[in-house]
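> whatever this is, show me its structure:
(chains A and B)
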Amino acid sequence: MTTTASDLPTRGVPRVYVPRDSAARSVGADEVAERIAVSAAGVEVVRTGSRGMLWLEPLVEVETAAGRVGYGPVAPEDVDGLIASGMLSGGGDSLGLVEELPWMKRQQRLTFQRVGVVDPLSTADYVAHGGTRGLLAALAMPPADVVETVVDSGLRGRGGAGFPTGIKWRTVLGAEADLKFVCCNADEGDSGTYADRMLIEGDPFTLIEGMTIAAYAVGAAEGYVYLRSEYPDAVATLKDAIERARDEGWLGPDILGSGFGFDLHVRVGAGAYICGEETSMLESLEGKRGMVRAKPPIPALEGLFGRPTVVNNVLSLATVPIILADGAAHYTAHGTGRSRGTSVFQLGGNVARGGIVETAFGITLGELVNDFGGGTSSGRPVRAVQVGGPLGAYLPVEQFDLPMDYEAFAAAGAMVGHGGIVVFDETVDMAAMARFAFEFCAAESCGKCTPCRVGAVRGVETIDRIVSGTDRAKNLVVLEDLCELMTDGSLCAMGGLTPMPVRSAVRHFGEDFHA
Amino acid sequence: MTSEVVAAAPVPVPGRAQRVREIAEELRGLRGALMPILHAVQEEFGYVDQPDVAVIADVLNLAVAEVHGVVTFYKDFRRTAAGRTTVAICQAEACRSVGAVELAEHAKRTIGCGFGETTYDGRVTLEEIYCFGNCALGPAVQVAGKLHGRVTTTRLNALLGEAR
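Prediction:
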């Protein structure tokens, strides 16, 4: 791209943006930021979240009068050359305006509107980009109206189960108790999902604002974010953001002068996948083993320490501020059928262009994998994609016309889950992946119910017999029977959904189960 | 009541029980205090020793068995000291799709120990992790707390060389 007069910086000091997101840091963003600071003294380097175009990381952006011009992927040794060719005024070998890139233009960013744009820990940046509008709107309404706004928006739990968020809040609002809690499930353990992490690292005040609105709506005084230990950057960013929010009066005894009080605390997990299950998470928050609870009672009535508790995923809570700010109708205008609004899809695994795609429900799986993802990173044909985490189905290319929609996926024996899509090329051994699903379940089962605890172990053994050719036909029947029992008899989704990847692998990739 | 991690202070080894008691007493007021206490003890000492369990149980007025049950439920809580450098390799689906299993086999051969083990000289502990949330830039490997993406065997060798 060539430089034009309109691309020249608007300010005396050039401003350069480099992500501090842990994915960007994993491929050298810190080193790039340091190099820019050294090579271009006087330049203001702002560390942001990531735009979610992860194959372009480290993605450096330079502010110009026309908008931010992108450069990526940038290695530390590229920095001096880029500066020499005019990067600091938007010139040289750039990607063009970041917001005009096809990947960005085709998205509708509501939940992720500020991620990659703002300094995640700047309260001024947050307000300048629309932050706190939702909270102010909520505080001006009676709590019940806030709940009904969320009901009307059609927002469904983004953690995977897809339960209507507003209905859950209505139950908590109606429950009588001396103390209520709002808990955010940020134990994003599913492989292929990283949107919670990116939101917390890139725009933590949105989550804080969403939790505060939830607390006001249901009458909760305390909130907890259960954040996994595998995300140390997110833990540090969120703790810092909570301190800053307290200083701004966004948390504390009298939020924004409304008289409403709410405070928020971070609790760090300890490497147990099962603690992403909501009742197990509550046990862990109480300082216990992460053993799943039987439901009923539902957490909305008897949750943390037996009190009525809102338990929502990061993305559900982080979507609440924009719903309150712009109204339910604005949100429902996006989406299809009973899947309203946008969802944050995450492309990962063997994919050429991995990253965050926030778009209305209804986009097809094939559009995501091929148009956004660009196929595999290995260059070999795509063979399978797993949607919705380790407990989601493996789907073949023949199903790429499936729309991303809770009901359409359920009808196809699959699930949208938390929106993670992991791509595999033709070298994948699907019997090995099915075996791994059982292995993982066996290792991570809390052990409370037998179908999960024992079923997972028997599943590994049965697949080994099938693959080795021992009574193959008979063992395929045993496998199906075991899957049915685990699905119907397990206490929670861990045992109940492990059969989903297994059955889908057998159904769509049966040839891999021959000796 | 916001801080889960107690700042490390120089502690004479014989004073461990006393120090664990101090940590537990400082954090006991938190709701669900046991997890933050265990994290803080591990942060300071590198692992949760069996005698620590009885001290924590005493402060929280819990049965030793209850605390023991929690310590052993969670993979993060170590029962012995780790090696000088911990190398953690993601083994979840997204990283598997780009060769994380083969990378792990290479790491085991190169380092000379398996997952959950420490080399004989105490230099390296090798761990398997299920997801750092770096699924578009796999295989993901964490070395001494720093996350690395798109790690090839060559890159892993270089990282191990720096760590040794």
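> in stretch A:420-438, which residues are buried?
Across stretch A:420-438, burial judged by 16 or more other C-beta atoms under 10 Å in any protein chain shown covers A:420-425, A:428, A:430-431, A:433-438. For every residue, glycine as well, the C-beta is placed using N, CA and C.
> and these, which of them are in strands?
A:G420, A:I421, A:V422, A:V423, A:F424, A:D425 (DSSP state E).
> what sits against the residue in chain B that chain A sits nearest to?
Distances between chain B and chain A by C-beta to the nearest C-beta are smallest at B:A136, namely 2.5 Å. Applying C-beta atoms under 8 Å, 6 or more residues apart in numbering or on different chains, we find B:A136 in contact with A:A23, A:L54, A:W55, A:Y194, A:Q346, A:L347, A:G348, A:G349, A:V351, A:G354, A:G355, B:A94.
> so it lies in a helix, does it not?
No. Counting by DSSP: H, G, I helix; E, B strand; the rest coil, B:A136 is not part of a helix but coil.
> state the distance from the nearest residue to A:E99 once chain neighbours are set aside to A:I322.
Nearest non-adjacent residue to A:E99, counting by C-beta to C-beta, 6 or more residues apart in numbering or on different chains: A:G67, 5.9 Å away. As judged by C-beta to C-beta, to the nearest Å, A:G67 and A:I322 stand 22 Å apart.
> still on that earlier bit, of the ones in strands among the buried residues of stretch A:420-438, list those near chain B.
A:G420, A:V422, A:V423, A:F424, A:D425 (C-beta under 8 Å from any C-beta of the partner chain).
> host element of residue 30?
Looking at chain A here, since you left the chain open. Element membership for A:D30, per DSSP states H and E: helix A:29-39.
> which elements pack onto that helix?
Packing partners of helix A:29-39 (3 or more C-beta pairs under 8 Å, 6 or more residues apart in numbering or on different chains; DSSP states H and E): strand A:15-19, strand A:44-48, helix A:79-84.
> so how many other residues sit close to the residue nearest to A:E99?
Residues lying near A:G67 (other C-beta atoms under 10 Å in any protein chain shown) number 17.
> cool, and the one 3 residues further on?
By other C-beta under 10 Å, the residues close to A:G70 number 25.
> OK, contacts around the spatially most central residue of chain B?
Against the mean C-alpha coordinate of chain B, by C-alpha atoms, centre = their mean, the closest residue is B:D76 at 4.9 Å. By C-beta under 8 Å, 6+ apart, the residues touching B:D76 are A:S229, A:G269, A:A270, A:G271, B:H39, B:Q42.
> give me every residue that touches whichever residue of chain A sits closest to chain B.
Nearest residue of chain A to chain B: A:G354, at 2.5 Å (C-beta to the nearest C-beta). Residues near A:G354 by C-beta under 8 Å, 6+ apart: A:L54, A:W55, A:L347, A:G348, A:G373, A:S377, B:C135, B:A136, B:L137.
> report the two of the residues you listed separated the most.
Using C-beta to C-beta, the two most remote members of the contacts of A:G354 are A:G373 and B:L137, lying 13.6 Å apart.
> hmm, which helix or strand of chain B has the shakiest average pLDDT?
helix B:153-163 (a mean of 91; mean pLDDT, DSSP states H and E).
> show me what that helix is packed up against.
Counting by 3+ C-beta pairs under 8 Å, 6+ apart, helix B:153-163 packs on strand B:85-90, helix B:100-111, strand B:141-143.
> so what are the sheet partners of the shortest one and their directions?
Strand B:141-143 has the following strand partners under DSSP bridges: strand B:85-90 (antiparallel), strand B:146-148 (antiparallel).
> where does chain B dip in pLDDT?
Low-confidence segments of chain B, defined by pLDDT under 70: B:1-13, B:164.
> in terms of residue numbering, what are the domains of it?
B:13-73, B:85-163 (automatic domain parsing).
> so of those, which one's packed in deepest?
domain B:85-163 (a mean of 20; mean count of other C-beta atoms under 10 Å in any protein chain shown).
> now that one: how far from the chain's centre is it?
Centroid separation between domain B:85-163 and its chain, computed with C-alpha atoms, centre = their mean, to the nearest Å, is 14 Å.
> just stretch B:60-75 next, same as before
Centroid separation for stretch B:60-75 versus its chain: 17 Å, with C-alpha atoms, centre = their mean.
> contacts for that stretch next, please.
Under C-beta under 8 Å, 6+ apart, the answer for stretch B:60-75 is A:269-272, A:287-290, B:24, B:28, B:33-35, B:37-38, B:48, B:53-54, B:56-57, B:77, B:79.
> 7 Å instead?
A:270-272, A:287-290, B:24, B:28, B:33-34, B:38, B:48, B:53-54, B:56-57, B:77 (C-beta atoms under 7 Å, 6 or more residues apart in numbering or on different chains).
> circling back to that earlier point, mind putting the ones in strands among the buried residues of stretch A:420-438 into JSON lines with pLDDT?
Formatted as JSON lines, these follow (pLDDT from 0 to 100):
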{"residue": "A:G420", "pLDDT": "96"}
{"residue": "A:I421", "pLDDT": "98"}
{"residue": "A:V422", "pLDDT": "98"}
{"residue": "A:V423", "pLDDT": "98"}
{"residue": "A:F424", "pLDDT": "98"}
{"residue": "A:D425", "pLDDT": "98"}
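> would you turn those residues into a markdown table with distance to A:A41?
Shown next, in a markdown table, are these (distance: C-beta to C-beta, whole Å):
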| residue | distance to A:A41 |
| --- | --- |
| A:G420 | 42 |
| A:I421 | 43 |
| A:V422 | 43 |
| A:V423 | 43 |
| A:F424 | 47 |
| A:D425 | 46 |
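> list the residues that contact A:I356.
A:I356 neighbours (C-beta under 7 Å, 6+ apart): A:G52, A:F112, A:A195, A:M198, A:V344, A:Q346.
> make sure the last one is indeed in a helix.
No. The assignment for A:Q346 (three-state DSSP) gives strand, which keeps it out of a helix.
> that one touches A:G192, doesn't it?
Yes. Between A:Q346 and A:G192 a contact is recorded at 6.4 Å, counting by C-beta atoms under 7 Å.
> sweet, I'm off.
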